[in-house]
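> okay, sequence plus prediction incoming.
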Amino acid sequence: MNTAARRFAAGLGLLALLAPGARAETYAAREICECVVTSLSADGRAATGQLNYSQQTFRWAVGEGLQPLGRGTMRKLGAPYGWPAISGDGQTIASTIMDDTRRYAIQGRWTAATGWQQLPLPADVAINETRVASVANGLSRDGAVVAGHYPDLTGEGRPSRWSADTGIQALGYGGEVNAVNGDGRVLVGEQAGNAMVWIDGAPIALGAGMAFGVNAAGDIVVGGAPRAPSGRLTPAMWVWRDGAWHRRLLGTVAGQGFSVGYATGVSDDGRIVVGHGWWADGGWRPERAFIWTAPDGLVEAEQYFESRGYPVSQRLFVKRIGAISGDGRVIGVVGTDVATGHHRSLAVERVDP
């Protein structure tokens, strides 16, 4: 994931009035930065992700602007690792950073008061030729739990959970944790080809696929699951109801066939799901983003926003939805600037009439 682009607006700009027949809601946009947003605070007014050229983690907030946080792995190791995540209040960030000696990559936790703190490693970690000791992919809403994975002495990747109370804990073999719920009790990811949920450390296999997002309550999980007859990954949702997890495949965009696609985020109430995929409509297309709602099903992101008064395609070729706020009002859009061909991220916010 990368970005670069010219600025197109300063602050929040209300967009054109709704076109005839459009929905009552509309959207406006704030520019985040020449970056890739990967996580939003609960209200969408703060964000984190990776800057375009340096690939270092950043913090952005409304009224505060952009703050590069340093200690990126790109310069030393030639690649970024993991997915930076931000707490619900926007004050804590988890990411993969260079360790204190600047020799290897490790899970880190940032606050304004402390700066970066590298997290301790487990006894069975094995730092191989890639010089990656541990990777951070998720952070709980309260900022207390960091999740990801690390390589062990056998060469397997081990899903992991860290908190100040417990230290880093392995959750099995052959996978990783991708997201954490609000209080850090529910983690989601993949292991041995299955979408997984860990509740208080206990593993639950949801079936073939991968899980990438979870709501604050921990009872809605999103990701991808194979569809018949192709077996290719398609966007999916799992909901905890009546003592069991129930899977729902979210379908495809009208007129398009997913070659591969998966959901990456969900609002806390489960009404909006976001993600991306590679779609086949007579041939491979570039990566494209989608937004799912129960009334409309799966809709291409550009079409979704434009039907609500926001002409995103005039400025951005949307490739990914990097994040969604817990309240579902703000969506972190990642794409290519139509004028420059560079990437950038926007916070697209629903504006009530």
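It's in. From a predicted model like this one, the values you see are computed outputs, not experimental measurements.
> the stretch 201-350 of the chain: strands as residue ranges?
Remark: strands assigned in the stretch 201-350 of the chain by DSSP state E, counting those that start in this stretch are 202-208, 210-214, 220-226, 233-241, 244-249, 257-266, 273-280, 284-293, 297-300, 316-324, 330-337, 343-351.
> what would those strands look like in CSV with mean pLDDT, mean neighbour count and distance to Gln117?
Glycine gets a C-beta too; all of them are placed from N, C-alpha and C. Written out in CSV, the entries for those read as follows (pLDDT from 0 to 100; neighbours: other Cβ atoms under 10 Å; distance: least, Cβ to Cβ, whole Å):
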stretch, mean pLDDT, mean neighbour count, distance to Gln117
strand 202-208, 97, 15, 28
strand 210-214, 97, 25, 25
strand 220-226, 97, 25, 29
strand 233-241, 95, 21, 33
strand 244-249, 96, 13, 35
strand 257-266, 85, 23, 26
strand 273-280, 85, 22, 31
strand 284-293, 81, 18, 33
strand 297-300, 92, 18, 40
strand 316-324, 91, 25, 23
strand 330-337, 93, 25, 25
strand 343-351, 91, 23, 26
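> for Ile86, find the nearest of those.
Distances from Ile86 to each of these were compared using Cβ to Cβ; the minimum, 8.6 Å, belongs to strand 316-324.
> how far off centre is the closest one?
Relative to the mean C-alpha coordinate of its chain, strand 316-324 is positioned 10 Å out (Cα atoms, centre = their mean, to the nearest Å).
> where does the stretch 1-150 of the chain dip in pLDDT?
Filtered on pLDDT under 70, the stretch 1-150 of the chain yields the residue ranges 1-24.
> that older thread, got TSV for the strands of the stretch 201-350 of the chain, with distance to Gly72 too?
Below are those laid out as TSV (distance: least, Cβ to Cβ, whole Å):
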stretch	distance to Gly72
strand 202-208	32
strand 210-214	23
strand 220-226	27
strand 233-241	30
strand 244-249	37
strand 257-266	22
strand 273-280	24
strand 284-293	23
strand 297-300	32
strand 316-324	17
strand 330-337	18
strand 343-351	17
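> and the ones you listed: which comes nearest Gly172?
By Cβ to Cβ (comparing all of these), the closest turns out to be strand 202-208, at 6.0 Å.
> the closest one pairs with which strands?
Partners of strand 202-208 in the sheet, by DSSP bridges, are strand 194-199 (antiparallel).
> now the angle from the strand it pairs with to strand 257-266?
10 degrees (axes from the mean of the first three to the mean of the last three Cα atoms, to 10 degrees).
> give me the average confidence score over strand 194-199.
This predicted structure assigns strand 194-199 an average pLDDT of 97.
> show me what counts as buried in it.
Residues of strand 194-199 classed as buried: 194-198 (neighbour count, 16 or more other Cβ atoms under 10 Å).
> a markdown table for these, including distance to His149?
Putting these into a markdown table (distance: Cβ to Cβ, whole Å) gives the following:
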| residue | distance to His149 |
| --- | --- |
| Asn194 | 15 |
| Ala195 | 15 |
| Met196 | 12 |
| Val197 | 16 |
| Trp198 | 12 |
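> so which of the strands of the stretch 201-350 of the chain is nearest Val146?
When the strands of the stretch 201-350 of the chain are ranked by proximity to Val146 (Cβ to Cβ), strand 210-214 comes first, at 14.8 Å.
> tilt between the closest one and strand 220-226?
Going by the same axes, to 10 degrees, strand 210-214 makes 160 degrees with strand 220-226.
> helices and strands around strand 210-214, which ones?
In this structure, strand 210-214 makes packing contacts with strand 175-180, strand 186-191, strand 194-199, strand 220-226, strand 257-266, judged by 3 or more Cβ pairs under 8 Å, 6 or more residues apart in numbering; DSSP states H and E.
> show me where the stretch 51-200 of the chain has helices.
With DSSP state H, counting those that start in this stretch as the definition, the stretch 51-200 of the chain shows helices at residue ranges 74-77.
> partners of the spatially closest residue to Phe317 that is not a sequence neighbour in the sheet?
Nearest-residue entry for Phe317: Thr336, 4.4 Å, with adjacent residues in sequence omitted and distances by Cβ to Cβ, 6 or more residues apart in numbering. Applying DSSP bridges to Thr336 yields these beta-bridge partners: Phe317, His343.
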